[in-house]
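Q: Predicted model, plus sequence, below.
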Amino acid sequence: MSPEEPLYERDPEAWRAHLAEGNATQPRKRVGADALIRDPAGRLLLVDPKYKPDWDLPGGMSEANEPPTETVRRELKEELGLDIHPGRLLCIDWVPPHGPWDDSLMFIFDGGVLDEHQIANLSLNDEELGAFEFCNDNEAANRLRPYVWRRAHAALHSLQAGKASYLQNGHR
């Protein structure tokens with residue numbers, strides 16, 4: 001075998017072991033996914049998690065090897081009894097390390113506009129949430145942590161602009 005021949009062609013098992021080692025030793029990122037859900041008046045659906053001081057967008061953290069779209073779908077169904085397929089990606093936000101947490105990637109998908117029937121059937125199905133409410137922009141800005149509001153605001157802008165945004169800690 002010549003030195004120029006790729007390792008994966010010379011020794012497929014060695015190549016697989018090399019990839020497995022990289023997978024085991026490279027850093028992993030936490031991934032979360034939320035939905036930007038509105039009512040017919042354009043207000044945002046926010047949830048009040050019992051385990052943190054501020055309100056949030058509906059969604060949550062991905063499980064191992066779970067696609068972000070499935071995270072949103074699972075979390076909405078578990079927490080609010082809402083069974084929707086998330087629409088297009090509105091933004092990805094890289095969140096730097098903070099407190100005890102490493103960095104993470106947060107995805108926001110278009111959750112659409114709920115009709116009156118869907119709104120009437122929303123329910124708190126999970127012990128994690130204390131409440132949910134549709135809020136106008138001012139109410140949302142007051143209830144969300146500043147970087148979460150920047151992310152939600154960027155997602156609203158992306159909804160209007162028709163293209164996704166990349167953010168770093170809520171900033172473009």
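A: Looks like it came in fine.

Q: Give me the buried stretch members for the lengthiest helix in the chain, please.
A: In the chain, with assignment by DSSP state H, the single longest helix is helix 146-161. Going by neighbour count (16 or more other CB atoms under 10 Å), the buried part of helix 146-161 is 147-156, 158-159. Quick note: C-beta positions are derived from backbone N, CA and C, even for glycine.

Q: could I get those residues as JSON lines with distance to Lys77 and pLDDT?
A: As requested, these are exported to JSON lines (distance: CB to CB, whole Å; pLDDT from 0 to 100):
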{"residue": "Tyr147", "distance to Lys77": "27", "pLDDT": "94"}
{"residue": "Val148", "distance to Lys77": "22", "pLDDT": "96"}
{"residue": "Trp149", "distance to Lys77": "25", "pLDDT": "97"}
{"residue": "Arg150", "distance to Lys77": "27", "pLDDT": "97"}
{"residue": "Arg151", "distance to Lys77": "22", "pLDDT": "97"}
{"residue": "Ala152", "distance to Lys77": "21", "pLDDT": "98"}
{"residue": "His153", "distance to Lys77": "26", "pLDDT": "97"}
{"residue": "Ala154", "distance to Lys77": "26", "pLDDT": "97"}
{"residue": "Ala155", "distance to Lys77": "21", "pLDDT": "98"}
{"residue": "Leu156", "distance to Lys77": "24", "pLDDT": "97"}
{"residue": "Ser158", "distance to Lys77": "24", "pLDDT": "97"}
{"residue": "Leu159", "distance to Lys77": "23", "pLDDT": "96"}
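
Q: can you list those in CSV and add distance to Pro68?
A: Output for the buried residues of helix 146-161, formatted as CSV (distance: CB to CB, whole Å):
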residue, distance to Pro68
Tyr147, 19
Val148, 17
Trp149, 21
Arg150, 19
Arg151, 14
Ala152, 16
His153, 20
Ala154, 17
Ala155, 14
Leu156, 19
Ser158, 15
Leu159, 17
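
Q: And those, which is closest to Ala41?
A: Ala41 has its nearest neighbour among these in Leu156, at 14.1 Å by CB to CB.

Q: residues in contact with the nearest residue to that closest one once chain neighbours are set aside?
A: In this structure, Leu156 finds its nearest non-sequential neighbour in Leu36, 6.9 Å apart by CB to CB, 6 or more residues apart in numbering. Leu36 sits next to 44, 57, 90, 108-111, 152, 155-156, 159 when contact means CB atoms under 8 Å, 6 or more residues apart in numbering.
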